[in-house]
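1. Build me a model from this:
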Amino acid sequence: MFTLGAKDMAEGHTLYRDFWDLKQPGIFLFFLAGGSVFGFTEIGIHLFELLYWLAFCISAWLLLRHTLHPLLAIWMPAGAVVVYYLASGSWHLTQLEMIVSFPLLIAAVSAHKAISDGRLRFGYIVLSGFAGGLVLLFKLILAPILLGFWVIGLFSAARAGEKSGRIASGIALTALFSLIPLAIALVLGALSGVGTTMFWTFFVLPAQVIEGAEPATIKRLFSSLQWFAGSFAVIIGLAAVGVAHVKTSLKPFVLHMLTWIGTAIMVILLQRTSWWAYHMLLLLVPMVYLAGLGLSSLKVSTISSLKPWLGRALLLLAVPASLGSLTFSALSRSAAMVRLIASGSVSDYRASTSDTYAAVTTDLALLPPALGRREEAIVFGNPLYLFLSGRRQAIPINGWALEFLTVDQWRDLTSEVSASSAPFFYLAANNRELVQSKAPAIIEYLERNFEILSINERGTWYRRRE
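-> The predicted model follows:
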């Protein structure tokens, strides 16, 4: 969906007018940058993400090298990136919750370094505020994490005896620079004629969604927690050791990391309509830092003090068990890559790494190839149907998250569908009942003007009658 929206933007379409989504523009700008440089393909976007994480590692090391032990300054960003790639599947990669870890870390480190020798350093205050502003451009609900960093900095400055006037100046600078990215986006939106829609999408709609949408099930929350705990068990265990054995000199920065974890858990729980597994990636970077502390505090004597046979047994059992999930993920992905090289088929590789890709590819085999420059279709379901077929959504509202639409948007959606001349329409099976209850006129319009092209348990493709 993000690739489709970014590609629309690259072709001159305006976000929130020609393509509307409830997400803020940060994630679309990320995909726009990647697609503009390397192409709006899976390879192009993932290559851009890889370079993004390389920049993350370099930036984090430059900021942390004089604050932490050199090896720990390298481990924190590099370790986070490595375990992220090892544990993540297609559902987790390039998700917002991981991407914002870069500016979140910059905001945290800068807030920590803003207090030096009992004096405020305004350059770091500005950097922390602006990095926080970039985070807010992605998702406003992440604000509590940033506030946690800045409150710690405020109390650290007060405890160090900094003058109240300088503290007030620091607060003002943080607030000012944190608002700059959002202000620029809103001004550009106003100049493009979508300022009111942007403001409503940013500040009004989220509360309406949380209040009115069906909450996610506790089962989904536990499933997400199970994925995170299973994938990063060794990281979580070492993080617990790190907190228990933290050195006094590192306690101020550890407090930032613990604040990150605590406020991120609160933010995840607040998003009760989602609770997807990738939301847990908000916790990964601070967890990896604390795991680095835990790793450095472990002594060989901890094992050697045990009976020799018991020590060897623990090592033999613990290492494969803790790394088993990551190892299995790496091996399965490597096997899929080998198959890709052998067959030379990108579609085969997609199918081997994701059941969803395989199903969508199968469904699209019955659809005629797209004609002309990005032929249009309407999809009320997975946007992969548009992406893999080379089509674009014929109406502004995307059909991926229909359950979050308001009453007014359902009314607009009905009008947009009726006015469209798209030759194909896809209705996912899990959306049919929702559309029937919220906008029955759309179902009636389909039955009058379209014929069924193909139907299965996943959904129905319609073709406009001649």
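2. roughly how far apart are residue 79 and residue 186?
-> Separation of residue 79 from residue 186 (Cβ to Cβ, to the nearest Å) stands at 37 Å. Where C-beta positions appear, they are placed from N, C-alpha and C, glycine not excepted.
3. So between these two, which is more surrounded?
-> residue 79 (21 against 17; other Cβ atoms under 10 Å).
4. Please name the residues that touch the more buried one.
-> Residue 79 makes contacts with 288, 291-292, as judged by Cβ atoms under 8 Å, 6 or more residues apart in numbering.
5. For the residue nearest the centre of the chain, which non-adjacent residue is closest in space?
-> Residue closest to the mean C-alpha point of the chain, counted by Cα atoms, centre = their mean, is residue 96 at 1.9 Å. Once flanking residues are discounted, residue 96 sits nearest to residue 27: 4.9 Å by Cβ to Cβ, 6 or more residues apart in numbering.
6. Likewise for residue 109?
-> Closest to residue 109 by Cβ to Cβ, 6+ apart is residue 63, at 4.6 Å.
7. Just confirm that neighbour is within a helix.
-> Yes - the assignment for residue 63 by DSSP: H, G, I helix; E, B strand; the rest coil puts it in a helix.
8. packing partners for whatever helix or strand residue 54 lives in?
-> Using DSSP states H and E, residue 54 maps to helix 42-64. Applying 3 or more Cβ pairs under 8 Å, 6 or more residues apart in numbering; DSSP states H and E, we find helix 42-64 packed against helix 25-38, helix 70-87, helix 101-113.
9. So for that helix, what gets flagged as buried?
-> 42, 44-45, 48-49, 52-53, 56-57, 59-61, 63-64 (16 or more other Cβ atoms under 10 Å).
10. which residues touch it?
-> 3, 30-31, 33-35, 37-38, 72-74, 76-78, 81, 84, 93-94, 99, 101-102, 105-106, 109-110, 113, 350.
11. Buried subset of those residues as a ChimeraX selection?
-> A single ChimeraX command selects the buried members of the contacts of helix 42-64 (16+ other Cβ under 10 Å):
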select :3,30,31,34,35,38,72,73,74,76,77,78,81,84,93,94,99,101,102,105,106,109,110,113,350
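12. Quick check: next helix or strand after the helix or strand where residue 242 lies?
-> Here residue 242 sits within helix 233-244, counting by DSSP H and E. With elements assigned by DSSP H and E, the helix or strand that comes after helix 233-244 is helix 251-270.
13. so what does that next one touch, helix or strand wise?
-> Packed next to helix 251-270, using 3+ Cβ pairs under 8 Å, 6+ apart, are helix 101-113, helix 143-159, helix 233-244, helix 284-297.
14. okay, it in CSV with CA atoms only?
-> The C-alpha trace of helix 251-270 is given here as CSV (Å, rounded to 0.1, in the frame of the first residue of the first chain):
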residue,chain,number,x,y,z
LYS,A,251,22.6,4.7,34.5
PRO,A,252,21.4,8.0,32.9
PHE,A,253,21.4,6.6,29.4
VAL,A,254,19.9,3.3,30.6
LEU,A,255,17.0,5.4,32.1
HIS,A,256,16.3,6.7,28.6
MET,A,257,16.2,3.2,27.2
LEU,A,258,13.9,1.9,30.0
THR,A,259,11.7,4.9,29.4
TRP,A,260,11.6,4.1,25.7
ILE,A,261,10.5,0.5,26.5
GLY,A,262,7.9,1.6,29.1
THR,A,263,6.3,4.3,27.0
ALA,A,264,6.4,2.1,23.8
ILE,A,265,4.5,-0.6,25.6
MET,A,266,1.9,2.0,26.6
VAL,A,267,1.7,3.3,23.0
ILE,A,268,1.2,-0.3,21.7
LEU,A,269,-1.6,-1.0,24.2
LEU,A,270,-3.3,2.3,23.3
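15. Off-centre distance for it?
-> 17 Å (Cα atoms, centre = their mean, to the nearest Å).
16. just stretch 37-46 next, same as before
-> A distance of 17 Å separates the centroid of the chain from that of stretch 37-46, by Cα atoms, centre = their mean.
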